[in-house]
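Trainee: Sharing a model that was predicted from the sequence below.
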Amino acid sequence: MKKGIFLSLEGPDGSGKSTQIKYILDFFESRGYETVLTREPGGTSIGEKIRDVILDNENSEMDPMTETMLYAASRAQHVAQVIRPALEAGKVVICDRFVDSSIAYQGFGRDLGDCVAYINEYAIMGCVPDITFLMKLAPEEGIGRIGSGEKDRLESEEISFHRKVYEGYEYLERTYPDRIIGIDASRGIEEIKAEIQKQLEKLIEKK
Ligand SMILES: Nc1ncnc2c1ncn2[C@@H]1O[C@H](COP(=O)(O)OP(=O)(O)OP(=O)(O)O)[C@@H](O)[C@H]1O
Ligand SMILES: [Mg+2]
């Protein structure tokens, strides 16, 4: 059924996901692959509307389960409308955050635990990334890189929340070692780019 390559990037805010995604796109495009770049939550007009509700600083009363289900709803649309059709057409799909973000932010950050993974199984229906790069950077450092611009509802959470999220990412890295590749994101941009390229070479050899 699935013919393309599904790749996701994960990690705290400011850990360098967007920076490296540009190089990942170049990697595939220069080798003649058709690529689709998308992001979570969103990638569809319905998903973008849901994203606005989730991230709106006015929605401070939002229950964690509501937040989890909104992310999952946006993801279901994203998989159905964008990701699955692109993979079936043999394209390379590069997704800026996916299910792992829900498990880290809502499962660990909001303490909802295992139900987050269950809820998301229905949202993705087997559409799991082939490879996930986890940008490993202490949340304090990521926040430092972003600076003091305007923050959305999740970015505005206190540091203890972001530490729990990070523990969630470390749990995922231990639990899915075949899929998730931890990248030391405290290094320079070029060094990280070179490591990711090496991993991508291996991936396309296997395909
Ligand atoms: N390896 C690096 N070393 C130092 N600074 C970096 C590095 N990678 C990216 N940056 C800078 O850090 C900032 C955040 O990077 P970037 O936007 O790529 O992170 P992100 O993970 O996409 O963040 P967000 O989750 O907020 O989208 C940018 O100003 C970027 O230029
Ligand atoms: Mg980004």
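Mentor: Arrived safely. Ligands and ions are numbered 1, 2, ... in the order given.

Trainee: contacting residues around the nearest residue to Ser186 once chain neighbours are set aside?
Mentor: Nearest residue to Ser186, sequence neighbours excluded (CB to CB, 6 or more residues apart in numbering): Leu137, at 5.6 Å. The C-beta positions use only the backbone N, C-alpha and C, and glycine is treated the same way. Applying CB atoms under 8 Å, 6 or more residues apart in numbering to Leu137 gives the contacts Gly11, Pro12, Gly14, Ser15, Gly16, Ala185, Ser186.

Trainee: For Asp26, list the residues it contacts.
Mentor: Asp26 neighbours (CB under 8 Å, 6+ apart): none.

Trainee: tell me the secondary structure for it?
Mentor: Three-state call for Asp26 (DSSP: H, G, I helix; E, B strand; the rest coil): helix.

Trainee: Phi and psi next, for the residue most central in space within the chain.
Mentor: When CA atoms, centre = their mean is applied to the chain, the residue found nearest the centroid is Arg97 (1.3 Å). Main-chain dihedrals, Arg97, degrees, to the nearest 10: phi 80, psi 140.

Trainee: quick one, strands of the protein?
Mentor: Secondary structure of the chain by DSSP state E: the strands cover 5-10, 35-39, 92-96, 131-136, 180-184.

Trainee: could you dump the ones you listed to a markdown table with distance to His78, mean pLDDT and mean neighbour count?
Mentor: Converted to a markdown table, the strands of the chain look like this (distance: least, CB to CB, whole Å; pLDDT from 0 to 100; neighbours: other CB atoms under 10 Å):
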| stretch | distance to His78 | mean pLDDT | mean neighbour count |
| --- | --- | --- | --- |
| strand 5-10 | 12 | 98 | 24 |
| strand 35-39 | 7 | 94 | 18 |
| strand 92-96 | 8 | 97 | 23 |
| strand 131-136 | 16 | 98 | 22 |
| strand 180-184 | 20 | 98 | 18 |
